[in-house]
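J.: what would the 3D arrangement of this be:
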Amino acid sequence: MSDTRQRLTLAGSAFFLASSLVVAACGSQDAVLPGAGHAQNRAILHRSAEPTATASPIQLVPGTTVGIDVFPEGDTKSGGQGQTVNGIPCQKVVNEIFHHHVHLSLFVNGVQYAIPRGTGMKNPGTGHFVHKADCTYWLHTHDETGILHMEAPVLRSYTLHDYFYIWGEPLNQSNVAGYTGPITVFINGVQESVDPRTIVFAPYMEITLEVGSPVVPPPVYIFPPGYT
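T.: Prediction:
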């Protein structure tokens with residue numbers, strides 16, 4: 001990457017503390033969509049961070065790419081390489097009792113860059129949707145849609161800092177993944193003045209980070225069927 005790289009910043013809200021949505025593990029095994037759960041749990045999830053509908057929301061399709069490829073897949077050498085990161089281990093099988101999702105969009109000077117697949121995975125496998133890895137962190141990506149998966153056997157919260165720490169890219173108020181400059185943060189379509197490192201994820205949250213100008217209207221995405 002050139003020295004003129006300017007990359008992005010992200011945002012969040014409170015991660016969800018609910019009872020179990022039991023699903024099959026997805027680290028070194030095939031990924032499985034979240035289970036149905038109880039009606040009460042689903043109601044809590046939908047209250048926590050649903051994006052506001054727009055005239056033209058974008059349907060997310062697993063295994064596709066949203067934005068331009070600029071990052072290599074997987075974590076950088078300074079990111080998660082099997083060691084525990086911020087209390088998050090890398091496991092051969094993720095025994096996920098809690099399985100939720102947020103969406104991250106990254107824009108640099110008005111152009112959307114894809115969030116790479118295989119982040120949060122040591123030696124991720126190949127394909128448009130990564131199923132296999134030597135081990136998988138509880139916070140990871142399977143594809144380039146921008147969907148971040150939170151899959152854990154224990155109840156805990158995640159921040160945007162956790163994700164960037166595992167990815168191995170910088171994140172602060174003036175530098176996102178190596179792209180520097182004015183950073184604009186949207187959470188669920190609303191501009192927020194926050195330190196991106198402090199953003200706490202909530203299920204179905206939509207985070208848009210824009211570096212530089214122009215600042216474009218944040219997209220609204222529809223999660224794939226079975227993800228919500």
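
J.: quick one, helices of the protein?
T.: 39-49, 160-167 (DSSP state H).

J.: just give me how far the shortest one sits from the chain centre.
T.: Yep, that's helix 160-167 we're talking about. Offset of helix 160-167 from its chain centre (Cα atoms, centre = their mean, to the nearest Å): 9 Å.

J.: how about residue 197: what's its closest non-neighbour residue?
T.: residue 161 (4.1 Å; Cβ to Cβ, 6 or more residues apart in numbering). C-beta coordinates here come from the backbone N, C-alpha and C atoms, glycine included.

J.: quick one: contacts for that neighbour?
T.: Contact partners of residue 161, counting by Cβ atoms under 8 Å, 6 or more residues apart in numbering, are 86, 171, 196, 197, 198, 199.

J.: doesn't residue 185 make contact with the third one?
T.: Yes - with contacts defined as Cβ atoms under 8 Å, residue 196 counts as touching residue 185 at a distance of 6.1 Å.

J.: quick one: residue 220 and residue 204 touch, right?
T.: No - the pair residue 220 / residue 204 is not scored as a contact, 11.4 Å apart, by Cβ under 8 Å.

J.: neighbour-wise, which of those two wins?
T.: residue 204 (22 against 19; other Cβ atoms under 10 Å).

J.: give me the most central residue, this structure.
T.: Most central residue of the chain, judged by C-alpha distance to the mean C-alpha position with Cα atoms, centre = their mean, is residue 148 at 2.6 Å.

J.: what pairs with that one across the strands?
T.: Residues in a beta bridge with residue 148, per DSSP bridges, are residue 102.

J.: what about it, distance to residue 168?
T.: 15 Å (Cβ to Cβ, to the nearest Å).

J.: over to residue 133?
T.: Where residue 168 is concerned, residue 133 sits at a distance of 15 Å (Cβ to Cβ).

J.: same question for residue 111.
T.: The spacing between residue 111 and residue 168, counted by Cβ to Cβ, is 23 Å.

J.: check residue 130 too.
T.: 17 Å.

J.: more neighbours: the two, which one.
T.: Of the pair residue 130 and residue 168, residue 130 is the one with more neighbours under other Cβ under 10 Å, namely 24 against 17.

J.: wait, that one sits on residue 118?
T.: Yes - taking Cβ under 8 Å as the definition, residue 130 is a contact partner of residue 118 at 4.8 Å.

J.: any residues in contact with both of these two?
T.: Counting by Cβ under 8 Å, 6+ apart, the contacts common to residue 130 and residue 118 are 73, 124, 141, 142.

J.: quick one: those residues as a markdown table, columns for neighbour count and distance to residue 212 too.
T.: A markdown table is the format used below for these (neighbours: other Cβ atoms under 10 Å; distance: Cβ to Cβ, whole Å):
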| residue | neighbour count | distance to residue 212 |
| --- | --- | --- |
| 73 | 16 | 25 |
| 124 | 23 | 30 |
| 141 | 24 | 24 |
| 142 | 25 | 29 |
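
J.: ok, of these, which one's closest to residue 67?
T.: Distance ranking of these against residue 67, using Cβ to Cβ, places residue 141 first at 12.7 Å.

J.: measure the closest residue to the closest one other than its chain neighbours to residue 139 for me?
T.: Leaving out its chain neighbours, the residue that sits closest to residue 141 by Cβ to Cβ, 6+ apart is residue 119, at 4.7 Å. Computed as Cβ to Cβ, the residue 119 to residue 139 distance reads 9 Å.
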